[in-house]
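Asks: Take a look and give me a structure for this.
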Amino acid sequence: MPQKPDPRFLAITAHDLRGAVGVLEGAMKELTREVEQDNTDAAKLTLMMTRSTQRLLLLGDRLSVLARLMDGIELEFGEPTDLGALVKDAVTRAFSAHARRTLRLHVDTPPQPLLLPLNGQTMTGAVSELGILFCSFSQSELRISVSSNATEVRVAFESDNRSESVQRALRDRTSTTQANAGIALAEAVLARHNGKLQLSENDGSNASLTLILQRA
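Replies: Presented below is the predicted three-dimensional model:
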């Protein structure tokens with residue numbers, strides 16, 4: 001019987017990937033300082049390389065999350081984490097790496113810290129995956145909002161794309177598309193946090209998906 005892959009190998013690979021990209025990122029910063037401001041071709045090239053390094057870092061994050069999920073052990077929950085700040089940071093990173101230049105991002109978070117017991121690394125990975133997904137869905141505007149009431153916290157991802165194919169991608173759980181893979185990873189993380197994903201019912205004017213966590 002074939003041996004089951006050791007999830008530690010994924011974690012080591014993620015660590016090595018982030019280390020290599022960190023060196024590349026440092027070199028990119030040095031190169032950017034050397035480029036003359038009026039050299040548009042060089043500026044475009046450095047922008048492309050910067051976005052690519054951000055994508056590689058997000059891939060490293062994905063590998064780390066997968067390693068933790070494959071372990072099958074309970075996730076460690078440290079000090080309460082500000083979910084609003086976590087969402088803003090994760091979505092901004094995903095947006096900087098994957099959004100088209102014409103896409104606008106709006107992130108609405110509560111004015112006060114929204115502290116929840118979370119495994120920060122895996123939750124960041126889940127939010128990043130949904131951020132990447134909605135960057136690909138959205139046409140001109142992407143909105144993410146964090147809200148709460150007495151019993152639950154919601155992180156809503158809303159695209160302005162009216163395409164039926166986008167609605168189908170959110171509903172379909174059987175296809176092997178990148179959209180379905182990102183949603184599956186987010187669902188797996190939320191299940192370990194006793195949370196869930198909910199496809200928002202609407203009139204077809206947009207595409208929206210909501211991450212729901214219990215407050216207690």
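
Asks: Not counting residues beside it along the chain, what's closest to residue 11?
Replies: Setting aside the residues directly before and after it, residue 11 is nearest to residue 67 in space (Cβ to Cβ, 6 or more residues apart in numbering), at 4.0 Å. Backbone N, C-alpha and C define where each C-beta goes, glycine included.

Asks: how's this protein carved up into domains?
Replies: Partitioning the chain according to automatic domain parsing yields domains covering residues 7-71, 81-214.

Asks: Flag whichever of these has the least confidence on average.
Replies: Mean pLDDT values for those show the minimum at domain 7-71, a mean of 76.

Asks: quick one, which of the domains of the chain is packed in tightest?
Replies: The highest mean neighbour count among the domains of the chain, using mean count of other Cβ atoms under 10 Å, belongs to domain 81-214: a mean of 17.

Asks: for it, the distance to its chain's centre please.
Replies: Here domain 81-214 shows a centroid-to-chain-centroid distance of 7 Å under the convention Cα atoms, centre = their mean, to the nearest Å.

Asks: ends of that domain, how far apart?
Replies: Using Cα to Cα, to the nearest Å, the span of domain 81-214 from its first residue to its last is 14 Å.

Asks: Please report how far residue 54 lies from residue 195.
Replies: 27 Å (Cβ to Cβ, to the nearest Å).

Asks: swap in residue 79?
Replies: As judged by Cβ to Cβ, residue 79 and residue 195 stand 19 Å apart.

Asks: now swap in residue 170 and tell me
Replies: Distance of residue 170 to residue 195, given as Cβ to Cβ: 17 Å.

Asks: Over to residue 102?
Replies: 33 Å.

Asks: which residues of this structure fall in helices?
Replies: Using DSSP state H, the helices found in the chain span residues 7-34, 40-71, 83-98, 120-137, 164-171, 178-192.

Asks: would JSON lines of the ones you listed with distance to residue 107 be doable?
Replies: What follows is the helices of the chain, written out as JSON lines (distance: least, Cβ to Cβ, whole Å):
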{"stretch": "helix 7-34", "distance to residue 107": "23"}
{"stretch": "helix 40-71", "distance to residue 107": "17"}
{"stretch": "helix 83-98", "distance to residue 107": "5"}
{"stretch": "helix 120-137", "distance to residue 107": "10"}
{"stretch": "helix 164-171", "distance to residue 107": "20"}
{"stretch": "helix 178-192", "distance to residue 107": "17"}
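
Asks: Residue 147 is nearest to which of those helices?
Replies: Closest of those to residue 147 is helix 83-98, at 9.8 Å (criterion: Cβ to Cβ).

Asks: and the angle for that closest one with helix 40-71?
Replies: Interaxial angle of helix 83-98 relative to helix 40-71 (axes from the mean of the first three to the mean of the last three Cα atoms, to 10 degrees): 130 degrees.
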